[in-house]
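Student: Kindly generate the corresponding structure for this input.
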Amino acid sequence: MYSRMCNVTAVPLVVVEEILMNLPADHVVLNCRLVCHEWKELVDSAAHWRARCRREGLKSSRPPDDWCLFYFQSKKRRNLLKNPRADDCLNGWEIVRNGGDGWEAHDTRNPFPDSTLGITHCFVTSFGLCLKQQLIDLKKEGYSPAFMDHWQPNIKISDWYTPRSDCGSYYEICVRLLGQNKEVIRTFQPDKVYFPQWNDEQWCHMTHVFKNYGPGVRFIHFIHGGKDTKFWKGWYGIRLTNSSVEICPDDDA
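Tutor: The predicted structure follows:
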């Protein structure tokens, strides 16, 4: 039997670098990195991932501590909440409280601050408490336990809400980081936000970033809602849209 082995170390590293830059990043880490010591050093270098970021247009406001981590977080970044803008009625959400006349999806009454997003729908609440939730399984979303435990990437929460001008209302939110058995590891639960009747009906933005939360995070529980404070029949309570939960690079926290 005749066999022949290719001497990969004979290939100039500048050529290897260009080849690797044109292969999928996951393949480079999981396979190419194991070929030989020289290829491992190349794949592990900050220069390789910095060049990938530059080539693919991934920009950072400051040099990341780890260019490889920054690359993968930037490429995988997306909103982990389903139907965050009420474009698909209430699909994707589990209703926890459906007080008064219950949750509904309506057109926005006042323009969303960022017109480029094309947001035209929102969730509306009634005269009884309305709460809805989602449970995000990080492993199913592509974030392995090993990744979450080792890197503990920033988890960014964002939510937009507005009252009606002709009725008082309040808004509330609670986001928890949960372990494998749904035990609570970290909680973000600010005070309720109250609006008086005859307010200016402006959109408000609630944000929070979980950092350095320790190992063990496997799920993210997101719940929000509110109600009107006049107990008027119909949908005069708080309005919500463009909610998001993202795993994001440090420089965007």
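Student: Now for the residue lying closest to Leu117 once chain neighbours are set aside: which residues touch it?
Tutor: Once flanking residues are discounted, Leu117 sits nearest to Asn242: 7.0 Å by CB to CB, 6 or more residues apart in numbering. Glycine gets a C-beta too; all of them are placed from N, C-alpha and C. Residues near Asn242 by CB atoms under 8 Å, 6 or more residues apart in numbering: 84-85, 112, 117, 119, 158-160.
Student: mind checking the SS state of Asn242?
Tutor: What DSSP: H, G, I helix; E, B strand; the rest coil gives for Asn242 is strand.
Student: Report pLDDT for it.
Tutor: According to the prediction, Asn242 has pLDDT 98.
Student: Over to Thr9?
Tutor: Thr9 is given a pLDDT of 61.
Student: And the one 5 residues further on, by the same measure?
Tutor: Confidence at Val14, expressed as pLDDT, is 86.
Student: Please save the CA atoms from the host helix or strand of it in PDB.
Tutor: Val14 is part of helix 13-21, with elements assigned from DSSP states H and E. Extracted C-alpha coordinates of helix 13-21, given in PDB (Å, rounded to 0.1, in the frame of the first residue of the first chain):
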ATOM      1  CA  LEU A  13       2.600  30.800   7.000                       C
ATOM      2  CA  VAL A  14       1.500  33.900   5.000                       C
ATOM      3  CA  VAL A  15      -0.200  31.500   2.600                       C
ATOM      4  CA  VAL A  16      -1.800  29.500   5.500                       C
ATOM      5  CA  GLU A  17      -3.000  32.800   7.000                       C
ATOM      6  CA  GLU A  18      -4.800  33.700   3.800                       C
ATOM      7  CA  ILE A  19      -6.300  30.300   3.500                       C
ATOM      8  CA  LEU A  20      -7.600  30.400   7.100                       C
ATOM      9  CA  MET A  21      -9.100  33.800   6.600                       C
END
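Student: Residues touching the helix or strand following it, excluding its own?
Tutor: Once the chain leaves helix 13-21, the next helix or strand it forms, by DSSP H and E, is helix 25-30. The contact list for helix 25-30 (CB under 8 Å, 6+ apart) reads 20, 43, 52, 68, 71-72, 75.
Student: circling back to that earlier point, of the contacts of Asn242, just say which sits nearest to His224.
Tutor: Asp159 (6.0 Å; CB to CB).
Student: Right, I'll leave it there.
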